[in-house]
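Participant: This is a predicted model, with the sequence first.
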Number of protein chains: 2
Amino acid sequence: MGASDTRRHIVEAADRLFYENGFEATSFADIAGDVGLSRGNFYYHFKTKDEILDAVIARRVSATRAMLESWEEAMPSPSERIRSFANVLVANRTKIMAHGCPVGTLCNELAKLDHAARGDAAFLFSLFRDWLARQFCALGREADADALALHILMRSQGVAALSTAFRDEDFIRREVADMENWLQAQCLPASPSDSRKPA
Amino acid sequence: MGASDTRRHIVEAADRLFYENGFEATSFADIAGDVGLSRGNFYYHFKTKDEILDAVIARRVSATRAMLESWEEAMPSPSERIRSFANVLVANRTKIMAHGCPVGTLCNELAKLDHAARGDAAFLFSLFRDWLARQFCALGREADADALALHILMRSQGVAALSTAFRDEDFIRREVADMENWLQAQCLPASPSDSRKPA
DNA sequence: GTCTATACGCAGATAGAC
DNA sequence: GTCTATCTGCGTATAGAC
């Protein structure tokens, strides 16, 4: 097994442990133990904990881009693609109820630590935001595409946060269904008194 | 200054530091230094870090109850009270953009740490949930009061989470305005095709 | 590239003087 | 009630043998 394989294993383990237990609570020993490496050898691959964090974020950026692209390829309809986004909450409900949203919780933790990588983590949100905005543009909502994207992204974060607190699967399904209803209303021609879209 | 004053100062400092920097990232030395105590004396008041956490959560429970009661006393209209809840996001926008929602971020951190006080922190959410549900009951929505309460609580969490990532004040104001519009729609008699409320 | 051994600081926690 | 001194363990990080 070459060095690049070992490095990849380290980043995969760190990614999972940062998500499940948090960045700060995860030690070098935890990651090394998970991969089956000695702590000493660990430093051959990564000099500091921040370097691992950067690698984990880069990995998540790649994975997110790949996921968003696969949805675009698999589905011709923008509203269907946005529904895929919302339904990630249902698909990943067990992990979300246990550890929250990987992006949101990392951003929160790095904000509190006032960590240099705070902006890099927030960039993960931008990937979703821009992708969602493009889907709303394709639905003919060029004027408020970004606001609509932020709105549904906000909802997914809210659902994830409360899921972790109450661990209520029904709540997730109900709110995702409500997001789908909201989405459908966005596809209809807006009436002047409609309060369903964000201003 | 008596022991109970010192204890109160410790809990106040810990409350602020847990919020701003996180529970795990805050050390005994940080709290002691903030209060102006030696670490040794600190242990006269609290034996373990978990004891301080319990005291901080108890303090937050009291403060939350007092705030919710003051809203009920100050405002006769339930919808006005719920608007007060939503507008906390605007009033506290600076702190929220820096450190997130005190309740949501604590619940997330304790969930990742698999901490014993996880449920106690989630109880803070229950205070808001039950209070909001009572307001919706007063608005004549007995049948789905709890779902409506969870829905607006979910929105406030989503806004807080994205605020911390993007630090966008306009986003907060826009989403709070949208919450107020949604709330107003809840007060009207529901039409059969209305998709604005959670199912 | 992987290991063992180790440095160093800070964390939580305790003992005992005043 | 407050202090200083100290213990123990674990955190990140390094040096150097194999």
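Facilitator: Perfect, I can see it now. Only a predicted model underlies this, so the values are computations on that prediction, with no experimental measurement involved.
Participant: Would you mind pulling up the elements that the least confident helix or strand in chain A by mean pLDDT packs against?
Facilitator: Averaged element by element with mean pLDDT, DSSP states H and E, chain A has its least confident helix or strand at helix A:39-45 (a mean of 90). With contacts defined as 3 or more CB pairs under 8 Å, 6 or more residues apart in numbering or on different chains; DSSP states H and E, the packing partners of helix A:39-45 are helix A:3-21, helix A:28-35. (Glycine included, C-beta is placed from N, CA and C.)
Participant: Counting neighbours, which bits of it end up buried?
Facilitator: Buried residues in helix A:39-45, defined by neighbour count with 16 or more other CB atoms under 10 Å in any protein chain shown: A:Phe42, A:His45.
Participant: who touches that helix?
Facilitator: The contact list for helix A:39-45, computed with CB atoms under 8 Å, 6 or more residues apart in numbering or on different chains, reads A:Ala3, A:Thr6, A:Arg7, A:Ile10, A:Phe28, A:Ala29, A:Ile31, A:Ala32.
Participant: so which pair among the residues you listed is furthest apart in space?
Facilitator: Comparing all pairs in the contacts of helix A:39-45 by CB to CB, the longest separation belongs to A:Ala3 and A:Ala29, at 20.5 Å.
Participant: Report the contact partners of the residue lying closest to A:Leu17 once chain neighbours are set aside.
Facilitator: Of all residues beyond its chain neighbours, the one nearest A:Leu17 is A:Thr26 (4.4 Å), with distances taken as CB to CB, 6 or more residues apart in numbering or on different chains. For A:Thr26, the contact set (CB under 8 Å, 6+ apart) comprises A:Ala14, A:Leu17, A:Phe18.
Participant: okay, those residues in JSON lines with distance to DNA strand C, neighbour count and pLDDT next?
Facilitator: Below are the contacts of A:Thr26 laid out as JSON lines (distance: CB to the nearest atom of the strand, whole Å; neighbours: other CB atoms under 10 Å in any protein chain shown; pLDDT from 0 to 100):
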{"residue": "A:Ala14", "distance to DNA strand C": "15", "neighbour count": "24", "pLDDT": "97"}
{"residue": "A:Leu17", "distance to DNA strand C": "18", "neighbour count": "19", "pLDDT": "97"}
{"residue": "A:Phe18", "distance to DNA strand C": "20", "neighbour count": "26", "pLDDT": "98"}
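Participant: tell me the domain ranges of chain A?
Facilitator: Domain assignment for chain A, taken from automatic domain parsing, gives A:1-47, A:60-189.
Participant: of all those, which lies closest to DNA strand D?
Facilitator: Relative to DNA strand D, the nearest member of the domains of chain A by CB to the nearest atom of the strand is domain A:1-47, separated by 3.3 Å.
Participant: does the closest one come close to DNA strand D?
Facilitator: Yes. Figure legend: domain A:1-47 in contact with DNA strand D (CB under 7 Å from any atom of the strand); contacting residues A:Thr26, A:Ser27, A:Phe28, A:Ala29, A:Asp30, A:Arg39, A:Gly40, A:Tyr43, A:Lys47.
Participant: On the pLDDT front, check the first one for me.
Facilitator: The one in question is A:Thr26. With respect to pLDDT, A:Thr26 scores 97.
Participant: so where's chain A uncertain?
Facilitator: Judged against pLDDT under 70, the low-scoring parts of chain A cover residues A:1, A:189-199.
Participant: Contacts (any at all) between chain B and the longest helix along it?
Facilitator: Selection of the longest helix in chain A by residue count, based on DSSP state H, yields helix A:49-74. No. Helix A:49-74 stays out of contact with chain B when judged by CB under 8 Å from any CB of the partner chain, the minimum separation being 13.2 Å.
Participant: For A:Gly104, give me its contacts.
Facilitator: A:Gln157, A:Ala160, A:Ala161, B:Asn108, B:Ala161, B:Ala165.
Participant: what does A:Glu24 give?
Facilitator: For A:Glu24, the set of contacting residues under the criterion of CB under 8 Å, 6+ apart consists of A:Glu109, A:Leu113, B:Gly22, B:Glu24, B:Ala25.
Participant: Turn these into JSON lines, columns for secondary structure.
Facilitator: Below are these laid out as JSON lines (DSSP: H, G, I helix; E, B strand; the rest coil):
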{"residue": "A:Glu109", "secondary structure": "helix"}
{"residue": "A:Leu113", "secondary structure": "helix"}
{"residue": "B:Gly22", "secondary structure": "coil"}
{"residue": "B:Glu24", "secondary structure": "coil"}
{"residue": "B:Ala25", "secondary structure": "coil"}
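Participant: ok, of these, which come out buried?
Facilitator: With neighbours counted using 16+ other CB under 10 Å, the contacts of A:Glu24 contain these buried positions: A:Glu109, A:Leu113, B:Gly22, B:Glu24, B:Ala25.
Participant: Tell me the one of the residues you listed nearest DNA strand C?
Facilitator: Distances from the buried ones among the contacts of A:Glu24 to DNA strand C were compared by CB to the nearest atom of the strand; the smallest belongs to B:Glu24, at 7.7 Å.
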